[in-house]
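**Student:** output the structure for:
(4 chains)
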There are 2 protein chains.
Amino acid sequence: MTDIPGGHASVRKLLTAMLNELSNSERKVARALLAQYPTAGLTTVVDLATAASVSPPTVVRFVTRLGFSGFPAFQRALVHELNGELGSPLKQYPEKGGPSKEGVLTETYQAFAAMLSASYEELPESEFHKMTKLLCDPGREVRVAGGRFSGSVSSYLVGHLRLLRAGVHHVDGDDLDRRTAIADASSSTVLVIYDYRRYTDRSVVFAEGMAARGATVCLMTDNWLSPIAKFAKVVLPMRVDSASPFDSLVASMALTESLVAAVAAELGDAGVKRLELVEESGG
Amino acid sequence: MTDIPGGHASVRKLLTAMLNELSNSERKVARALLAQYPTAGLTTVVDLATAASVSPPTVVRFVTRLGFSGFPAFQRALVHELNGELGSPLKQYPEKGGPSKEGVLTETYQAFAAMLSASYEELPESEFHKMTKLLCDPGREVRVAGGRFSGSVSSYLVGHLRLLRAGVHHVDGDDLDRRTAIADASSSTVLVIYDYRRYTDRSVVFAEGMAARGATVCLMTDNWLSPIAKFAKVVLPMRVDSASPFDSLVASMALTESLVAAVAAELGDAGVKRLELVEESGG
DNA sequence: GCTATTCTGAAATCTCAGTTACACAACGAG
DNA sequence: CTCGTTGTGTAACTGAGATTTCAGAATAGC
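**Tutor:** As a prediction, this is how the structure comes out:
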């Protein structure tokens, strides 16, 4: 089989590699192909052209530019590749352990992978479960707060939790907001607070205030532990080391999603029911 | 598509079910097909006939006996089926022998690791660089927008970018906000829009409006590509498959941080200087 | 702002894959 | 042994789909 030009093992790789050497319309074809890979390329030229919103000749030019003698040859390459991949279904991921080229992308990816691995490794599972239980308790009010950057993650948590249960609110950075939150808190309140270095006094003061009112404080923080850990009931540390000048909240984001998944699983039907209710009333 | 007869979801099942109702030569075809499923059926009638050591008409008679209107219809069914199986790559993992009562934590962690690896593997590096260049251009105004959930990530991007360069603003979901953003847009505007399934019309309309004003549209989306891809200059797809009922934005978050890292590296001293300036004036 | 180059799609063309028709071969029944 | 039925391949046909051509559109360069 000399169908595959340049000895490339993967058409997908070939696609991404040549993406910037293609014309605009040809790039559209590449994207359409990558969006539904590889099935989009297994039908006809017309179908692929339609999916990419271009004309059939563009598709033909596209495959020839990739180095194939024509569309049929291109299809044979796809099928050939499919043969290899389907043979070992799990091969797709562990392959070479990720991207291969140098650059920011690779660097950051590797940092993320290592960070995630280490974070989950070190995470005390018992704490995670405690937190899940707290978030699932319908008798408790949940308040969530974050800092300048971690606020994005905390609001993300709220966005999901609200769909699964009642009584979830975000406490913004606003001073008045925070003071009213403290005033409204009681022993049935759960505070989830995201605090990563550099730790801000404001967050500490706020958490302290909530704890003083009897609230159960759950802390999402980094390895070095925010001072809030002193009076937190649950502490979930994640790594934030990064290749860039900024700390990374990818692990925090991941843990947040893990929490949501755990809550969803724990609530089961009840959660699903509420979710459907919210969705359909929204239109 | 009414290509699949009898409501069978799987052609493979159909094959094994009808094996003994076929003639000798037809059974050969079925065997050849099962031996290399489904790729043997994705080429041509002649190829399949050759592989099965029968004549082309026998292959045609074979597929019609299965209930298909012809060979093309049969192929469409195969492709359709392939779409479903390959569509959710993470579905393959839960079958990892034994009950997956392993725990939510490890389950989600594995999903994240796989998702990240695949996402970065598939990411076109050239697109990433194009986007970096755009974000580093001091002559351009940057606008960032997101959806209900992705809004958290988009605001996260803004939080970082603002520290590195001027002219970066978030466009909220508010209608008036978006309309003014469109009015203010020009050919020197860069729009970074986060749009993950399920894609909202509002985001498409907004992006379209910005594009019409000459803005350069950069799209952060999932594998299935938001319709915005049609008129986007740069498209960065990331996987969103998750173990929970919700899609995951961990990969999106990671890519966002990669972008920030790339921009920081590209800007170099200029970025650092601005960063220090912002920090110290803040107190 | 103009020219040169590249890009792109509509229409015409041509090739070949899928299909059909028919004749021969195999097998079983009487 | 002969007839009828079923299965199978050869060869001719048909139409769908891949390809080529060419003119208009977009883009880059000066």
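**Student:** past whichever strand or helix holds A:Arg31, which element shows up next along the chain?
**Tutor:** For A:Arg31, the host element (DSSP states H and E) is helix A:24-35. As assigned by DSSP H and E, the chain's next helix or strand after helix A:24-35 is helix A:45-52.
**Student:** hang on, the earlier thing: how about the helix holding A:Arg31 and chain B, touching?
**Tutor:** Yes: using Cβ under 8 Å from any Cβ of the partner chain, helix A:24-35 reaches chain B at A:31-32, A:34-35. For glycine as for every other residue, the C-beta is placed from the backbone atoms N, C-alpha and C.
**Student:** what's in contact with that helix?
**Tutor:** With Cβ atoms under 8 Å, 6 or more residues apart in numbering or on different chains as the test, helix A:24-35 has contacts from A:12, A:15-16, A:18-19, A:22, A:40-41, A:48-49, A:51-54, A:58-59, A:61-62, A:65, B:122, B:223-225, B:229, B:235, B:237.
**Student:** please check these and keep the buried ones.
**Tutor:** Applying 16 or more other Cβ atoms under 10 Å in any protein chain shown to the contacts of helix A:24-35, the neighbour count classes A:12, A:15-16, A:18-19, A:22, A:40-41, A:48-49, A:51-52, A:54, A:58-59, A:61-62, B:122, B:223, B:225, B:229, B:235, B:237 as buried.
**Student:** return the subset of the residues you listed lying in strands.
**Tutor:** Here DSSP state E is the test, and those give B:235, B:237 as lying in strands.
**Student:** same for DNA strand C: which of the buried ones among the contacts of helix A:24-35 are within range?
**Tutor:** Contacts with DNA strand C are made by A:54, A:58, A:61 out of these, judged by Cβ under 7 Å from any atom of the strand.
**Student:** let me see the contact set for the last one.
**Tutor:** The reference is to A:Arg61. A:Arg61 neighbours (Cβ under 8 Å, 6+ apart): A:Glu26.
**Student:** that one and B:Pro124, how far apart?
**Tutor:** 19 Å (Cβ to Cβ, to the nearest Å).
**Student:** does DNA strand D sit close to stretch A:46-64?
**Tutor:** Yes: part of stretch A:46-64 sits close enough to DNA strand D to count as contact by Cβ under 7 Å from any atom of the strand, namely A:46, A:56-57, A:60, A:63.
**Student:** in PyMOL, how would I select just the buried ones from those?
**Tutor:** Those of the residues of stretch A:46-64 next to DNA strand D that count as buried under 16+ other Cβ under 10 Å are selected in PyMOL with:
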select buried, chain A and resi 60+63
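**Student:** tell me, which of the residues of stretch A:46-64 next to DNA strand D make contact with DNA strand C?
**Tutor:** A:56-57.
**Student:** which of the residues of stretch A:46-64 next to DNA strand D lies closest to DNA strand C?
**Tutor:** Comparing the residues of stretch A:46-64 next to DNA strand D against DNA strand C with Cβ to the nearest atom of the strand places A:Pro57 closest, at 4.2 Å.
**Student:** endpoints of stretch A:243-256, how far apart?
**Tutor:** Stretch A:243-256 stretches 22 Å from its first residue to its last (Cα to Cα, to the nearest Å).
**Student:** now pLDDT too, for the ones next to DNA strand C among the buried ones among the contacts of helix A:24-35, in TSV please.
**Tutor:** As requested, those are exported to TSV (pLDDT from 0 to 100):
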residue	pLDDT
A:Val54	89
A:Thr58	92
A:Arg61	90
